[in-house]
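>>> give me a 3D structure for the following:
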Amino acid sequence: MAMEWNEKYSVSVSSIDYEHKKLFQMINELSDAMRSGKGSSIAPDILKRLAAYTQDHFAHEEKMMVRAGYSNYAAHKIEHDKLTTQVVHLMQDFEDKKVVLSVSLLDFLQRWLTTHIMSCDKQYAAPMQAAGVR
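Alright, predicted model coming up:
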């Protein structure tokens, strides 16, 4: 199932919204590959790019939170660190053939991204706006 960007996911920081849209696109690319039967051949590349982009996104988002003086930065960073660890383990398990590309893996990625944006990222929107971070 394709993920569609909706303004409800906006955190009102244009650079972060852009990165979130890019993450949606990458997960959709993985979904498209699976639906077309090419998942096993191109999924490793997509997953590696997704993992790398997610780490870059987290670093940027954390920099913006610090710049805004976001009071819940430490807890948010813990969430980022947890996902990064999960993705590293997932990538290793995928490369070691301990886990296969599946609908449940795709569901996990989709759920995590939308839930993280709606429950964690939305919390910094107002403080960033108040600090003039756009």
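>>> for residue 106, grab the count of nearby residues.
Residue 106 has 20 neighbours, counted by other Cβ atoms under 10 Å. Every C-beta, even on glycine, is put in place using the N, C-alpha and C of the backbone.
>>> which strands and helices sit next to the strand or helix carrying it?
Counting by DSSP states H and E, the element that carries residue 106 is helix 103-116. When contacts are defined as 3 or more Cβ pairs under 8 Å, 6 or more residues apart in numbering; DSSP states H and E, helix 103-116 packs onto helix 14-35, helix 73-95.
>>> any idea how far residue 32 is from the residue nearest to residue 79 when sequence neighbours are not counted?
Closest residue to residue 79 apart from its sequence neighbours, by Cβ to Cβ, 6 or more residues apart in numbering: residue 120 at 5.7 Å. According to Cβ to Cβ, to the nearest Å, residue 120 and residue 32 sit 27 Å apart.
>>> which positions within the helix ranked longest in the chain qualify as buried?
Identified as the longest helix of the chain according to DSSP state H is helix 39-68. For helix 39-68, burial by neighbour count (16 or more other Cβ atoms under 10 Å) applies to 39, 42-43, 46-47, 50-51, 54, 57-58, 61, 64-65, 68.
>>> likewise for stretch 88-107?
Those would be 90, 91, 94, 101, 105, 106, for stretch 88-107 by 16+ other Cβ under 10 Å.
>>> tell me how far the residue lying closest to residue 17 once chain neighbours are set aside lies from residue 16.
Nearest residue to residue 17 in three dimensions, chain neighbours excluded: residue 10, at 5.2 Å (Cβ to Cβ, 6+ apart). From residue 10 across to residue 16, the span is 9 Å (Cβ to Cβ).
>>> so between those two, which is more surrounded?
Between residue 10 and residue 16, counted using other Cβ under 10 Å, residue 16 has the larger neighbour count: 23 against 17.
>>> on that earlier part again, and the residue nearest to residue 17, how far is that from residue 121?
Counting by Cβ to Cβ, the gap from residue 10 to residue 121 is 10 Å.
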